[in-house]
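1. Got a sequence here, can you build the structure:
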Amino acid sequence: MDELDSEIIRLLQSDARLSNRELARRLGVAPSTCLERVRTLTRRGVIRGYHAEIDMNALNRGVQALVSVQVRPLNRSVIVEFKDSVARLPEVLSVFVLAGGDDFVLHVAVQNLDLLHAFLLDRLSKRKEIAGFRTSVIFESTHNTVLGCLPAPEK
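-> Got it, this is the predicted structure:
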């Protein structure tokens, strides 16, 4: 990726609704050049999609939590089946497969603390492969919506 590609990525992360014409104007290039660069970035898998950021409260998901999970036996089939299964649960926003003391972190969002408790008891604790889990309620979160390329590591 060169500087133009990086700037395209930065602008689209800031506002994915920019028209090709406006994107080209901000970059100081021809619309045809801009369109071809965006198409190339998409074909290469650098741009994987365009998304709307939605307020969780508007979706009646005012309580979010991170659930650290340990599964047993620790083997590929258990890991794959658990990951695929919990990713389909409506309360689960993200599933992270980890190395270390925990095998997974689930990012969940529900209506209230009672329903978080019900999710933990009714959905997780009944699964035979779960050896244990810990829950941390999220009070506040911030995430970077515009990511840049990091420099290559020095050798």
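2. who's in contact with the lowest-mean-pLDDT helix or strand in the chain?
-> Lowest mean confidence among the helices and strands of the chain (mean pLDDT, DSSP states H and E): helix 3-14, at a mean of 94. Applying Cβ atoms under 8 Å, 6 or more residues apart in numbering, the external contacts of helix 3-14 come out as 1, 18, 23, 26-27, 29, 34, 37-38, 41, 46-47, 50, 145-149. Using the backbone N, CA and C atoms, a C-beta is placed for each residue, glycine as well.
3. Check the gap between the residue nearest the centre of the chain and Val69 for me.
-> By Cα atoms, centre = their mean, the mean C-alpha position of the chain lies nearest to Ser94, the distance being 6.1 Å. Distance, Ser94 to Val69, using Cβ to Cβ, to the nearest Å: 13 Å.
4. shared neighbours, these two?
-> What both Ser94 and Val69 touch, as defined by Cβ under 8 Å, 6+ apart, is the set Leu106.
5. need the helices for the protein, in chain order.
-> With DSSP state H as the criterion, the chain has helices at 3-14, 20-27, 31-43, 76-87, 113-118.
6. now the last one: how far from the chain's centre is it?
-> Counting by Cα atoms, centre = their mean, to the nearest Å, helix 113-118 is centred 23 Å from the centre of its parent chain.
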